[in-house]
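Undergrad: Provided below for reference: sequence and predicted model.
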Amino acid sequence: MPHTHEGRLGNEAPHSHLLQLGSLITFGVVWVLDSLILRFSVFLDMYVPVIARIIVFSVLLILAIVFIQISQKILFNSPENKEELIKQGIFNHVRHPLYLGVLLIYLSFFFLSFSLISLALWITIFLIYNRLATFEEQELEKIYKDDYLKYKRRVAKWIPRIKSKTFNN
């Protein structure tokens with residue numbers, strides 16, 4: 001059965017929490033095993049200086065935390081407009097900032113070690129999150145109809161558009 005957002009309209013995909021937790025555990029175990037212990041697929045790391053990897057890791061991690069914090073504040077701490085389509089703030093630039101933040105965390109760990117196995121797993125996890133996002137979008141289309149379709153046409157699903165027009169409708 002789909003899980004509803006507390007006090008908000010729309011449903012999450014069935015078993016989304018299990019999929020997300022399973023992805024986290026699987027990625028964590030695989031990353032640690034490959035990056036720190038077995039070092040099976042991390043041969044590319046010798047071509048990129050450690051400092052560069054740490055910088056990219058840090059930038060992506062900070063960006064991810066920002067996306068997560070801003071979207072959580074809008075989604076879960078704003079009592080007003082619980083029945084309206086959220087399209088302000090970060091949602092004016094990307095439709096799934098919370099999921100994007102999580103995906104950036106995974107990606108940041110890839111750049112820290114250049115574990116190719118982790119990259120392949122990240123692609124799989126991206127496909128899982130894309131499927132979760134698509135399910136939620138279908139639910140929102142049922143609720144908000146044309147308003148959500150207009151929003152979808154204007155706002156990117158994953159890659160934020162920095163210069164976005166204000167959405168008034």
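TA: All right, it came through fine.

Undergrad: Show the average pLDDT along stretch 19-33.
TA: Summarised as a single mean, pLDDT over stretch 19-33 is 98.

Undergrad: Let me fix that, I meant to ask about stretch 88-104.
TA: Rounded mean pLDDT across stretch 88-104 is 95.

Undergrad: tell me how far the ends of it are from each other?
TA: 22 Å (C-alpha to C-alpha, to the nearest Å).

Undergrad: Show me the contact partners of it.
TA: The contact list for stretch 88-104 (C-beta atoms under 8 Å, 6 or more residues apart in numbering) reads 20, 60-61, 63-68, 70-72, 74-75, 122, 125-126, 129, 132-133, 136-137, 151-152, 155-162, 164, 166-167. C-beta here means a position set from N, CA and C on the backbone, and glycine is covered the same way.

Undergrad: What's the PyMOL line that selects buried ones from the residues you listed?
TA: In PyMOL, this line selects whichever of the contacts of stretch 88-104 come out buried by 16 or more other C-beta atoms under 10 Å:
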select buried, resi 20+60+61+63+64+67+68+70+71+74+75+122+125+126+129+132+133+136+137+151+155
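
Undergrad: mind showing which ranges of this structure have poor pLDDT?
TA: Applying pLDDT under 70 to the chain flags residues 1-9, 78-82, 163-169.

Undergrad: let's see 50
TA: 1-7, 164, 166-169 (pLDDT under 50).

Undergrad: could you pull out the strands for it?
TA: 3-4, 11-12 (DSSP state E).

Undergrad: list the helices and strands the top helix by length along the chain packs on?
TA: Determined from DSSP state H, the single longest helix within the chain is helix 116-144. The helices and strands touching helix 116-144, judged by 3 or more C-beta pairs under 8 Å, 6 or more residues apart in numbering; DSSP states H and E, are strand 11-12, helix 16-32, helix 97-113, helix 146-154.

Undergrad: Good, we can wrap up now.
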